[in-house]
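Engineer: any chance you can model this:
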Amino acid sequence: MTVKPKFFVGQIVHHNRFDYRGVIVDVDASFQGTESWYDQVARSRPPKDQPWYRILVDGIDQETYVAERHLEPAPDTTPVSHPELLKMFNGFADGVYQHRTH
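Structural biologist: Numbers count the residues shown, from 1 in each chain. Alright, predicted model coming up:
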């Protein structure tokens with residue numbers, strides 16, 4: 001059974017475990033990383049059969065891959081600062097980034 005993602009591309013979210021904001025750039029219905037990455041990085045062992053998200057982190061040149069259970073809608077929906085934003089999005093309105101269509 002596929003679980004519908006709670007969040008969407010362009011949405012600003014807050015990581016409730018590591019306390020950072022970011023914008024979602026991709027959604028996977030389930031974990032798509034490698035077993036070695038999961039073993040090394042996903043220390044809390046979040047479920048692999050739930051949605052995972054690629055996130056551009058606000059204020060630093062970093063992208064993360066995060067399990068849904070660690071995210072919540074960001075209370076602060078002001079624009080995010082990240083060097084890759086213009087490659088991924090073509091606008092920002094009402095607290096949401098508009099996904100660039102190729």
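
Engineer: every contact and neighbour count from this point should use C-alpha atoms.
Structural biologist: OK.

Engineer: quick check: longest strand in the protein by residues?
Structural biologist: With DSSP state E setting the assignment, residue counts place strand 20-28 as the longest strand in the chain.

Engineer: buried residues, that strand. List them.
Structural biologist: 21, 22, 23, 24, 25, 26, 27, 28 (16 or more other Cα atoms under 10 Å).

Engineer: show the contacting residues for the fifth one.
Structural biologist: To tie it back to what came earlier, the one meant is residue 25. 9, 10, 53, 54, 55, 56, 88 (Cα atoms under 8 Å, 6 or more residues apart in numbering).

Engineer: just give the closest residue to it, not the sequence neighbours.
Structural biologist: Counting by Cα to Cα, 6 or more residues apart in numbering, residue 25 lies nearest to residue 9, which is 5.1 Å off, once chain neighbours are set aside.

Engineer: and the longest helix along the chain, what's buried?
Structural biologist: When the chain is parsed with DSSP state H, its longest helix is helix 35-41. Using 16+ other Cα under 10 Å as the test for burial, helix 35-41 gives residue 38.

Engineer: tell me where the model's unsure across the protein.
Structural biologist: 1-2, 101-102 (pLDDT under 70).

Engineer: again, only using 50
Structural biologist: Within the chain, no stretch has pLDDT under 50.

Engineer: thinking again about what came up before, quick one: strands adjacent to the longest strand of the chain?
Structural biologist: strand 12-15 (antiparallel), strand 52-57 (antiparallel) (DSSP bridges).

Engineer: so which of these is nearest residue 75?
Structural biologist: strand 12-15 (7.8 Å; Cα to Cα).

Engineer: what does that closest one contact?
Structural biologist: Applying Cα under 8 Å, 6+ apart, the contact partners of strand 12-15 are 20-24, 70-75, 77, 80, 95-96.

Engineer: still on that earlier bit, nearest to residue 63 among the strands paired with strand 20-28 would be which one?
Structural biologist: Nearest of the strands paired with strand 20-28 (Cα to Cα): strand 52-57, 4.5 Å.

Engineer: what about residue 38, distance to residue 66?
Structural biologist: For residue 38, the distance to residue 66 equals 11 Å [Cα to Cα, to the nearest Å].
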